[in-house]
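Engineer: Okay, here's the prediction I keep looking at, along with the sequence it came from:
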Amino acid sequence: MNKNTTTSTENLYHLNGKISVKQAIPFGLQHILAMFVANIAPIFIVAAASGLSTADSASLIQSAMLIAGIGTLIQLFPIFKIGSGLPIVMGISFTFVSVFCYLGPTYGYNAIVGAVLVGGIIEGILGLLAKYWIRLITPIVAATVVTAIGFSLLSVGAASFGGGSGSETFGSATNWILGTFTLLCCILFNIFAKSYFKQLSVLFGLIMGYIAAVILGAVDFSSLEGTSIIAFPQLLPFKPEFNINAIISVTLIFLVSATETIGDTSALAAAGLNREATLKETSGSIACDGFISALSSVFGCLPITSFSQNVGLVAMTKVVNRYAIGAGAVIMILAGIFPFFGSLLATLPDAVLGGCTLMMFGNIVISGLQMIGKCGFSQRNITIAALSLSIGIGFTQVPEIFDIFPQIVKTVFAENCVAVVFLVAILLNLVLPKNMEAAPAASDESADA
């Protein structure tokens with residue numbers, strides 16, 4: 001290997017390093033394949049709940065790919081103060097699914113579009129003004145939220161491994177075989193591959209798992225029939241309706257989403273760059289989430305936010321190069337312009353994806369725990385982390401505990417452990433004394449006297 005090749009390989013682990021196109025494409029493709037199925041799943045769920053047609057769903061998926069690709073590029077290469085400059089991949093957020101499944105049947109899909117437009121603009125403005133409130137998000141709060149994000153994704157990975165929630169073949173022998181085979185391919189490739197190829201273990205696992213799925217007849221190619229080769233998303237396919245109840249509900253979820261974005265940004269900086277995220281990066285990241293979500297609504301689509309799955313991939317591979325992730329953004333844009341390409345990627349079985357994501361999501365948990373460790377295990381930090389995680393994760397495992405609260409509270413918190421963890425961590429950080437260790441020390445001295 002010559003010196004230039006070695007330098008190019010090392011640049012994969014540097015944010016602004018120069019790499020070749022042949023290196024960028026596989027790493028970009030790996031990021032997109034790792035999130036593609038999870039990216040379009042919320043659209044199917046919300047569209048079905050809102051009574052949209054199959055053609056409408058297909059159009060929304062096309063729009064989602066285009067806007068997510070544009071949003072990812074803005075995160076990578078900021079415009080004005082919008083964008084973080086970090087290797088953040090954007091996608092349709094699951095955080096909003098529960099509230100949309102309530103609002104769609106109640107007020108109609110047009111009310112969802114109007115609420116996303118308003119809520120996105122509000123989050124974008126909050127992002128630009130982050131310097132006035134971000135001090136509330138101390139390192140221990142951010143570390144606890146990152147850990148919660150990791151734990152919240154473990155069940156998502158397990159559900160994918162089983163074949164996808166609601167699947168008629170969930171937990172079948174075929175899904176177990178595909179998930180296990182894919183996971184083994186990832187692990188073995190990571191062990192035996194040389195040089196930077198080790199970091200392509202997820203891509204290798206996805207490809208081998210897909211081939212195995214085709215052999216086992218687990219890939220449904222029917223969705224490719226009649227798919228257009230090229231088409232452009234339509235502006236305002238759904239006329240926005242501004243319902244105050246829908247706007248309030250969705251704006252609250254945007255605030256929850258902003259906390260997840262803070263966690264994602266912190267985790268990326270810690271796991272990929274071995275440092276804390278700067279105020280500018282966090283502010284730009286939140287602003288991008290909001291304004292890109294507002295743009296998404298113009299195309300009739302759902303909110304586009306930072307994708308935690310890809311944070312796990314960065315934590316696992318340590319590949320943070322903006323040009324490598326940018327290649328993935330270009331692939332998403334192509335999927336939005338060439339529907340056939342997007343439909344082909346969508347045939348990737350859930351079980352194959354699940355086999356790859358288990359390790360990725362576990363890496364987010366470990367990153368969060370490492371961040372907590374860097375904050376120090378003072379009594380105050382232990383109390384904040386332990387209590388917020390136990391309440392957030394514990395209470396959302398039994399959502400009936402929220403039945404005494406109004407519907408809007410249940411919608412926001414009952415099944416969203418990240419939101420509960422964030423709220424409890426913020427409250428504890430505000431009310432707990434800064435010198436919790438001082439009192440026991442004084443009493444010890446008195447006893448000695």
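Structural biologist: Looks like it arrived, so ask away.
Engineer: ok, now how distant is Cys417 from Thr305?
Structural biologist: Separation of Cys417 from Thr305 (Cβ to Cβ, to the nearest Å): 17 Å. All C-beta spots, glycine's among them, are computed from the backbone N, C-alpha and C.
Engineer: who's more crowded, those two?
Structural biologist: Neighbours were counted for Cys417 and for Thr305 using other Cβ atoms under 10 Å; Thr305 has more, 32 against 23.
Engineer: which ones are touching that one?
Structural biologist: 90-91, 93, 95, 257, 260-261, 289, 293 (Cβ atoms under 8 Å, 6 or more residues apart in numbering).
Engineer: Now with 7 Å, please.
Structural biologist: With contact taken as Cβ atoms under 7 Å, 6 or more residues apart in numbering, Thr305 is in contact with 90, 93, 257, 261, 289, 293.
Engineer: Return the member of the residues you listed nearest to Ile187.
Structural biologist: Set against Ile187, the nearest of the contacts of Thr305 by Cβ to Cβ is Met90 (28.6 Å).
Engineer: rewinding a little: of all the contacts of Thr305, which two lie farthest apart?
Structural biologist: Counting by Cβ to Cβ, the most remote pair of those is Met90 and Ser257, 11.8 Å apart.
Engineer: for the stretch 1-150 of the chain, what spans make up the helices?
Structural biologist: 3-10, 21-50, 54-76, 97-107, 109-128, 139-161 (DSSP state H, counting those that start in this stretch).
Engineer: would you list those in a markdown table and tack on mean pLDDT?
Structural biologist: Converted to a markdown table, the helices of the stretch 1-150 of the chain look like this (pLDDT from 0 to 100):
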| stretch | mean pLDDT |
| --- | --- |
| helix 3-10 | 61 |
| helix 21-50 | 82 |
| helix 54-76 | 89 |
| helix 97-107 | 83 |
| helix 109-128 | 96 |
| helix 139-161 | 84 |
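Engineer: Which among these is found nearest to Ala329?
Structural biologist: helix 54-76 (3.8 Å).
Engineer: in the chain, which spans are strands?
Structural biologist: Counting by DSSP state E, the chain has strands at residues 90-92, 304-306.
Engineer: Check those strands for me and report the most buried one.
Structural biologist: Of the strands of the chain, the one with the most neighbours on average (mean count of other Cβ atoms under 10 Å) is strand 304-306, at a mean of 31.
Engineer: And the average pLDDT for that one is what?
Structural biologist: Mean per-residue pLDDT for strand 304-306: 92.
Engineer: do stretch 267-275 as well
Structural biologist: 88.
Engineer: got the buried residues for it?
Structural biologist: 267-273 (16 or more other Cβ atoms under 10 Å).
Engineer: Just the ones of those in helices?
Structural biologist: Within those, residues falling in helices by DSSP state H are 267-273.
Engineer: What ranges in the stretch 201-350 of the chain fall below the confidence cut-off?
Structural biologist: Counting by pLDDT under 70, the stretch 201-350 of the chain shows low-confidence ranges at 226.
Engineer: Now stretch 387-397: buried residues?
Structural biologist: Residues 387-389, 391-393, 395-396 are the ones in stretch 387-397 that count as buried (16+ other Cβ under 10 Å).
Engineer: Can you flag which of those belong to helices?
Structural biologist: Counting by DSSP H, these contribute 387-389, 391-393, 395-396 to helices.
Engineer: So which of these is the closest to Ile134?
Structural biologist: Ser388 (18.4 Å).
Engineer: quick one: the closest one and Ala142 touch, right?
Structural biologist: No: Ser388 is beyond contact range of Ala142, at 11.9 Å (criterion: Cβ atoms under 7 Å).
Engineer: How about the contacts made by Tyr323?
Structural biologist: Here Tyr323 is in contact with 19, 24 (criterion: Cβ under 7 Å, 6+ apart).
Engineer: gap between it and Thr147?
Structural biologist: From Tyr323 over to Thr147 (counting by Cβ to Cβ), the distance is 30 Å.
Engineer: Equivalent analysis for Leu29, please.
Structural biologist: Applying Cβ to Cβ to Leu29 and Thr147 gives a distance of 29 Å.
Engineer: Comparing the two, which shows the higher neighbour count?
Structural biologist: Thr147 (28 against 19).
Engineer: Leaving out chain neighbours, which residue sits closest to the more buried one?
Structural biologist: Gly368 (3.0 Å; Cβ to Cβ, 6 or more residues apart in numbering).
Engineer: Would you confirm that the one you found contacts Ala143?
Structural biologist: Yes: using Cβ under 7 Å, Gly368 is in contact with Ala143, at 5.9 Å.
Engineer: if we can go back for a sec, going by distance to Phe238, which of the contacts of Thr305 wins?
Structural biologist: Nearest to Phe238 among these, with distances taken as Cβ to Cβ, is Ser293, at 15.0 Å.
Engineer: OK, contacts around that closest one?
Structural biologist: Contacts of Ser293 (Cβ under 7 Å, 6+ apart): 116, 120, 123, 303-305.
Engineer: between those, which is nearest Phe77?
Structural biologist: Taking these together and measuring to Phe77 by Cβ to Cβ, the closest member is Ile304, at 16.5 Å.
Engineer: Distance of that closest one relative to Ser93?
Structural biologist: For Ile304, the distance to Ser93 equals 7 Å [Cβ to Cβ].
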